[in-house]
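**Student:** after the sequence you'll find the predicted model.
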Amino acid sequence: MQKILKLFVLFSIVLLASSNSYSQVSVGISIRIAPPALPVYVQPVCPTDGYLWSPGYWAYGDDGYYWVPGVWVAAPTPGYLWTPGYWGYTGGYYGWHGGYWGTHVGFYGGMNYGFGYGGVGFGGGMWQGGSFRYNTAVMNVNTTVIHNTYVNNTVINNTTVNNHASFNGPGGVTAVPTAEERVAMTEHHVQPTASQVSHEQTARSDKSAYASVNHGRPANVAMNTVGGHKFNQQGAPVAHNTSITPHNTSPTPNHNATTGTHPINPSTPPRTNQTVNTNHPQSTVNNNHTPATNNVVKPVPQHQPQQHVAHRPAPAPHPQPAEHKKE
């Protein structure tokens with residue numbers, strides 16, 4: 001299906017602000033089919049003080065569009081804010097405008113990414129000195145752990161609902177940059193961090209992230225950190241979460257991290273051997289407790305042969321049980 005799409009690579013083209021395009025296209029991907037609608041999902045709790053939210057987005061790979069989960073990331077330097085990337089439609093093609101770090105949030109196509117990114121500017125928090133203050137009206141922050149917080153509900157009231165369209169242009173969002181956003185576009189920008197690049201590459205290699213597989217509804221829509229815990233649209237941990245980081249995260253720290261940073265703990269039963277058989281007999285016994293069930297079954301055949309040997313020496317057919325044992 002998507003193989004018949006024409007993929008055009010633009011080489012370092014910079015589009016000046018005009019009626020149709022408003023920021024540079026650094027990656028240069030341009031295709032004819034629009035990306036799927038933006039999923040609606042619950043934001044994972046902020047894992048640590050100073051991390052900022054990078055909204056999820058649809059990227060494009062060899063097999064079509066794939067979802068890059070929203071994730072909490074560290075800013076390259078204190079005082080910098082993240083301007084998300086967006087898809088823009090112009091000249092019959094959808095082109096990707098990459099995100100960047102800067103001292104102000106620029107134009108991101110008017111996309112309603114949520115969590116402070118309502119379409120214009122950013123209302124999720126602000127830098128104060130070397131610390132970031134979170135607006136808990138739109139950010140999921142555990143205030144017992146992180147104390148640099150405030151509440152500003154006007155961000156919610158001023159958000160324009162755009163049915164979660166995923167691109168700027170006819171049929172999508174028709175926003176244009178504000179005066180402040182135009183100024184921010186001309187400021188010094190810093191490219192995505194190494195962890196953000198790695199995060200996108202990981203999503204690209206996940207076949208289940210592709211719209212051709214999930215039909216625009218990815219199972220993993222958000223993560224608490226790059227390479228951390230995966231969450232679905234309802235904010236519950238995605239099944240088989242430990243497979244994300246087997247090389248550096250053991251089940252014990254995974255379990256503690258989940259219970260310590262997220263109010264929902266569905267991920268704990270698969271890691272608790274004492275409760276799996278009572279709570280999840282069908283979904284986890286075969287995967288997590290095969291060795292344990294074998295240990296329970298094994299003693300039964302061991303005792304039975306001893307009883308047969310005790311009762312069958314007198315009747316002559318002693319060789320027959322021996323043959324049965326070999327079979």
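**Tutor:** Done, it's in.
**Student:** the strands in the stretch 151-300 of the chain, which residues?
**Tutor:** In the stretch 151-300 of the chain, the strands defined using DSSP state E, counting those that start in this stretch lie at 167-168, 222-223, 230-231.
**Student:** ok, which of those strands comes nearest residue 139?
**Tutor:** Of all the strands of the stretch 151-300 of the chain, strand 222-223 sits nearest to residue 139, with 13.0 Å by Cβ to Cβ. Every C-beta, even on glycine, is put in place using the N, C-alpha and C of the backbone.
**Student:** need the mean per-residue confidence for the closest one.
**Tutor:** For strand 222-223, the mean per-residue pLDDT is 98.
**Student:** output the strands of the stretch 151-300 of the chain as CSV; include the columns distance to residue 192.
**Tutor:** Listed next are the strands of the stretch 151-300 of the chain as CSV, based on distance: least, Cβ to Cβ, whole Å:
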stretch, distance to residue 192
strand 167-168, 20
strand 222-223, 15
strand 230-231, 20
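**Student:** if I look at residue 227, how far off is residue 108?
**Tutor:** From residue 227 over to residue 108 the distance is 25 Å, taken as Cβ to Cβ, to the nearest Å.
**Student:** the more surrounded of these two?
**Tutor:** It is residue 108, of residue 227 and residue 108, that has more neighbours when counted by other Cβ atoms under 10 Å, with 28 against 15.
**Student:** what's near enough to touch residue 122?
**Tutor:** Remark: with contacts taken as Cβ atoms under 8 Å, 6 or more residues apart in numbering, residue 122 is in contact with 81, 105, 116.
**Student:** hang on, the earlier thing: quick check: which of the strands of the stretch 151-300 of the chain is buried the most?
**Tutor:** strand 222-223 (a mean of 26; mean count of other Cβ atoms under 10 Å).
**Student:** show me what it is packed up against.
**Tutor:** Judged by 3 or more Cβ pairs under 8 Å, 6 or more residues apart in numbering; DSSP states H and E, the packing partners of strand 222-223 are strand 70-74, strand 230-231.
**Student:** contacts for it?
**Tutor:** Contacts for strand 222-223 (Cβ under 8 Å, 6+ apart): 41-44, 56, 69-72, 199, 229-231.
**Student:** could you let me know which of those ends up closest to residue 239?
**Tutor:** Closest to residue 239, out of all of the contacts of strand 222-223 and judged by Cβ to Cβ, is residue 230, at 9.0 Å.
**Student:** for the closest one, give its distance to residue 218.
**Tutor:** Taking Cβ to Cβ, one finds residue 230 at 10 Å from residue 218.
**Student:** overlap of the contact sets of these two?
**Tutor:** Joint contacts of residue 230 and residue 218 (Cβ under 8 Å, 6+ apart) are residue 69.
**Student:** sorry, back to before: so which of the strands of the stretch 151-300 of the chain is nearest residue 153?
**Tutor:** Nearest of these (Cβ to Cβ): strand 222-223, 22.7 Å.
**Student:** direction included, what does the closest one pair against?
**Tutor:** strand 70-74 (parallel), strand 230-231 (antiparallel) (DSSP bridges).
**Student:** quick check: mean pLDDT of the last one?
**Tutor:** When you say that, I think you mean strand 230-231. The pLDDT scores in strand 230-231 average 98.
**Student:** can you check the longest one too?
**Tutor:** Rounded to a whole number, the mean pLDDT of strand 70-74 is 98.
**Student:** mind pulling up the phi and psi values for residue 103?
**Tutor:** Main-chain dihedrals, residue 103, degrees, to the nearest 10: phi -80, psi -20.
**Student:** how much space between the closest residue to residue 43 other than its chain neighbours and residue 51?
**Tutor:** Nearest residue to residue 43, sequence neighbours excluded (Cβ to Cβ, 6 or more residues apart in numbering): residue 140, at 4.4 Å. Noted for residue 140: a distance of 12 Å to residue 51, by Cβ to Cβ.
**Student:** swap in residue 216?
**Tutor:** In this view, residue 216 and residue 51 are 28 Å apart by Cβ to Cβ.
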